[in-house]
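S.K.: Need a 3D model of the sequence below.
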Amino acid sequence: MSDDEYADLYEDQPQFGLKVLMVAEKNSIAEALAYALGKPKAKKGRMSFFYYQSQLFGQNANFTVTATNGHLFNRDFPQEYANWKSHDPIELFNAKTVKKPSSQSAVGLLARAAKGIDYLILWLDNDREGENICFEVIDVCGGNPKILRAKFSSITPQDLQNAFRQLKFGPNLQESQSVDARQIIDLKIGVTFSRFQTMYFNQKYNTQQLVSFGPCQTPTLGFCVQRFEEIQSFIPQTFWLLKAILDTPGRLQCDWVGQPIFKEKDIKAILKKYQKNIVGEVISVDTQKKTKVRPDGINTVQMLKFCSSYLGLGPQNAMHTAERLYLSGYISYPRTETTSYPNGFPTKQIIKTLSQYDNQDIRNQAKGLSNGHNNPKQGQDKGDHPPITPTDTIPQNLQGQEKGLYEYIAKMFLASHSNDCQYAVTTLKFKVGEHIFYTSGTQIIDPGFTKVATWLNVQENFFDPNQIIKNNQVQVESIVSQIGQTSPPDFLTETELIGLMDKHGIGTDASMATHINNICEREYVKVEGGSRKLVPTDLGISLVKGYKKIDPDLVAPQLRSNIERQVDMIAKGQSQFQTVIDEVVGIFIEKYKNFRAKINDLDIAQFQKVFAQGPDKQVYEPKVISKCGVCNRFMTINGHKIECEKCQKSFTLLPNSKYRVVGNQECPLDRFQLVMMQSNVSPYVSSLICPKCFGESTIIESNQCVCNLCPAKDCQFSMIKRRIGLCTDCKIGDLVLEPYLNKGAAFSISCNECWCLYQLIPAVQNVQLSDKQCGECNLQQFKIQQKQKDIFPSLNQDNIDICIFCHPEVRAKLLYAKYQQEKRHLGQEQKIKQFKGNKKPFNQNRTERHERPDRRDQRPQYNNQKPQLAQEDNLAYQIDLLLQQKKNHKK
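M.R.: Residues are numbered from 1 along each chain as shown. Alright, predicted model coming up:
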């Protein structure tokens, strides 16, 4: 059937009296509504129509019932912003937003069905989203009909008929505006940040992956990564506890009142005192009656938690299952924050219905309440739908997930109207020497609501103290120790995450499931195990770490909670729609500017591993390099980035270079282990580098402070200790003896400014700077020890002071090259090597350098003793890295 035929159906119906259009949110609700109020003729399709004749306010009327099937419009930017590269993402903050039809045909059909109507009755869901869809329907229908609003919580015929008799005037504009405000805020923030960081990563790592940001999604991910970091940083401790085992049938074990003992020698000393003939002096025997109070009505958050913990359903799947039950007429509306039952709730009718259900536990509990039930607890009334409950319709042939969820809702409904659980706890306390022990037993008096809600029951383990105590004493068989170890928290489960989101106001009862599903679908977390643990992926961890480095507010829940509060104030008439949008967007404009300026802080090692995937891309793997000067752990290197996993700090070094560790040399300024850098670009100059000083030197103004540029007087590898003199090429930099760490290594001199190189190819045995200068060139002289006496015949004695630039035999063997050029012997015609890589010299962006005596006194102070880690700690870390590399290669 065509779209035109759908709309023409109304014109085919016999007309008399008023024209009434009733619009629901789903086809199934429209169908239930039509059959509850009349005897309709139906034409079903993607947009179903139902027609019947009845009366409205005492007048004859023709009724048409249809549904929107969700929002009629989606919030978006105008078409001119569709091309990501045509506009700077920051422009989106001030761009207008528009509503685009979700389905053009649905909008057209609804508009045609609304022609000439006298009444428009809105049967959209009774929440803020429903109010917003109401105004979408009003905009589409146009004209000037009288507008009425129906409020209902289930689609049983009785509920729908009651709602029809109590129609109200129009939807709530302020609640609808609160939805519009949230849509606009989330669209502008999410799209702006997502576009910018996606383009950044795509360009940097040559990938096509969407890296999304969301003002709700990101704090949700932050909770998962925060728990991951708590696990990673946890240091277990071994401890001991005492236990007393009584000389009774079953050898009753009694707990110790004392605190855990963390030294084994202390626990052994205690046990040595109590080995034979142990008697405990009774201190008290106390029995107390206790009550476990019946639960409130259940709301959406409680339902989602149960589904994750007991049914193995993720939040998104749980909501879909609940919606199917609702649309089948078996439960009330499943999106609600309220836990208190309204006055006049049809409790007796629902109990009567459940007494006929095919589950024996539910049926027996319902029959027991048929002759009288308790009023439920007060609960909380949030002003939306009542708690989630069964309806008075008996389900037929429920299976699997739907059956499990329905029975949970039915049992909780019965539990909330049952007796409280009553039990007694008996506690025996006794003393052995100076140590107090106790044991407790529980006896159920009345199981109450736990008889049907068995997962909430109280465990019974009763004991009779009269059979244990004799002459106010208990016979102790032995005192033993129990060894344990403090353990880290586990990964967040979906249940725990939902609780955190609810506590901090991240999302609404209708959107929490979507946010959790988003971070799973975008592979920021993975769901593992039967308990549905949320384990962050490398990408998720990297994003949160990067956001925290740039602006912790982007991850923290407080910012989103504040947005939710302001949006809520719109719904309550306490804030203006546009004022809230302007304030929130203004805050995020400043945060975006800061984010854009510091985007390189996101470029940490994990991103290289995450984005370098596929057969044609290099797989970046962490390689152990040098030790961190703060925590003394080994750091890892990826390309020209060094990162300390423990300190969550990364250091950017020179590109186009190789790095390795030579010896165990440390920087005296910050205790970081030095690494050897060798350029990948001819003439392959080298220098030692301190990872921290390179970009954060405390005594020189330079953003590329290698050791041959550093003026530190107390470091043997600094420029001061190895300077030869002013460079004869650039007349700006200093010629510095390159690190000569191994005997027999190439003897090289390079300029710390223009990176020219002088190298003596016939390797000498040893070389030392002399304290004398050459009288001709004013450069420092050297003491050279040859491997073979015939290399330089005139230098037949060791430790002679010579100038390598002026001595004719040495100068003849001296190679020379400018940066990016081939080496040649001095005096030969220069040959230029074509270099296809980055032709910018290393020092192009280096700021003008000079020593900073004003900051020499501000160097970080270090204790004489460096933090010590067990050797196996760093060894284990290296082994983990090697195993990961092996695993990656197998892939």
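
S.K.: so where do the helices sit in the stretch 151-300 of the chain?
M.R.: Using DSSP state H, counting those that start in this stretch, the helices assigned to the stretch 151-300 of the chain run over residues 157-165, 173-205, 217-233, 264-273, 300-306.

S.K.: Which of those sits closest to T486?
M.R.: Nearest to T486 among the helices of the stretch 151-300 of the chain is helix 217-233 (12.6 Å), distances taken as CB to CB. All C-beta atoms are positioned from the backbone trio N, CA, C, and that covers glycine.

S.K.: ok now the closest one, how far from the chain's centre?
M.R.: Mean-position distance between helix 217-233 and its chain equals 5 Å (CA atoms, centre = their mean, to the nearest Å).

S.K.: Nearest spatial neighbour of K382, chain-adjacent residues omitted?
M.R.: In space, and not counting its chain neighbours, K382 is closest to E337: 4.0 Å by CB to CB, 6 or more residues apart in numbering.

S.K.: For the residue most central in space within the chain, list the residues it contacts.
M.R.: What sits nearest the mean C-alpha location of the chain, by CA atoms, centre = their mean, is L221, with 2.0 Å. Under the criterion of CB atoms under 8 Å, 6 or more residues apart in numbering, the contact partners of L221 comprise 519, 524-525, 536, 540, 543-544, 555.

S.K.: The residue nearest to K382: what's it in contact with?
M.R.: 299-301, 380, 382, 384, 509.

S.K.: So for stretch 699-714, mean pLDDT?
M.R.: Stretch 699-714 shows a mean pLDDT of 79 in the predicted model.

S.K.: what about the spatially closest residue to L709 that is not a sequence neighbour, distance to S194?
M.R.: Closest residue to L709 in three dimensions, ignoring its sequence neighbours and counting by CB to CB, 6+ apart: N752, at 4.7 Å. Distance, N752 to S194, by CB to CB, to the nearest Å: 43 Å.

S.K.: swap in K367?
M.R.: Taking CB to CB as the measure, K367 falls 56 Å from S194.

S.K.: which of these two has more neighbours?
M.R.: S194 (18 against 14; other CB atoms under 10 Å).

S.K.: can you pull the pLDDT of that one?
M.R.: pLDDT, read off for S194, is 92.

S.K.: What of D568?
M.R.: As predicted, D568 sits at a pLDDT of 91.

S.K.: got it, and E521?
M.R.: pLDDT for E521: 85.

S.K.: OK, contacts around the nearest residue to C803 once chain neighbours are set aside?
M.R.: Leaving out its chain neighbours, the residue that sits closest to C803 by CB to CB, 6+ apart is C774, at 3.6 Å. For C774, the residues meeting the contact criterion (CB under 8 Å, 6+ apart) are 780-781, 803, 805-806.

S.K.: Of these, which belong to strands?
M.R.: Restricting the contacts of C774 to those inside strands, with DSSP state E as the criterion, leaves 780-781.

S.K.: and the contacts of C774 as a markdown table, adding neighbour count and distance to Q79?
M.R.: Putting the contacts of C774 into a markdown table (neighbours: other CB atoms under 10 Å; distance: CB to CB, whole Å) gives the following:
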| residue | neighbour count | distance to Q79 |
| --- | --- | --- |
| Q780 | 21 | 70 |
| Q781 | 22 | 74 |
| C803 | 21 | 73 |
| F805 | 21 | 69 |
| C806 | 14 | 74 |
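
S.K.: least trustworthy helix or strand in this protein by mean pLDDT?
M.R.: Each helix and strand of the chain was given a mean pLDDT (mean pLDDT, DSSP states H and E); the minimum falls on helix 853-856 at a mean of 42.

S.K.: Look up phi and psi at the residue nearest to C803.
M.R.: In this entry, C774 is assigned phi and psi values of phi -70, psi 140 (degrees, to the nearest 10).

S.K.: Now do the same for it: its pLDDT.
M.R.: Per-residue confidence (pLDDT) for C774: 89.

S.K.: I'd say S770 and C803 touch.
M.R.: No - contact between S770 and C803 fails when scored by CB atoms under 8 Å: they sit 9.2 Å apart.

S.K.: and for these two, which residues touch both?
M.R.: With CB under 8 Å, 6+ apart, S770 and C803 have common neighbours 781-782.
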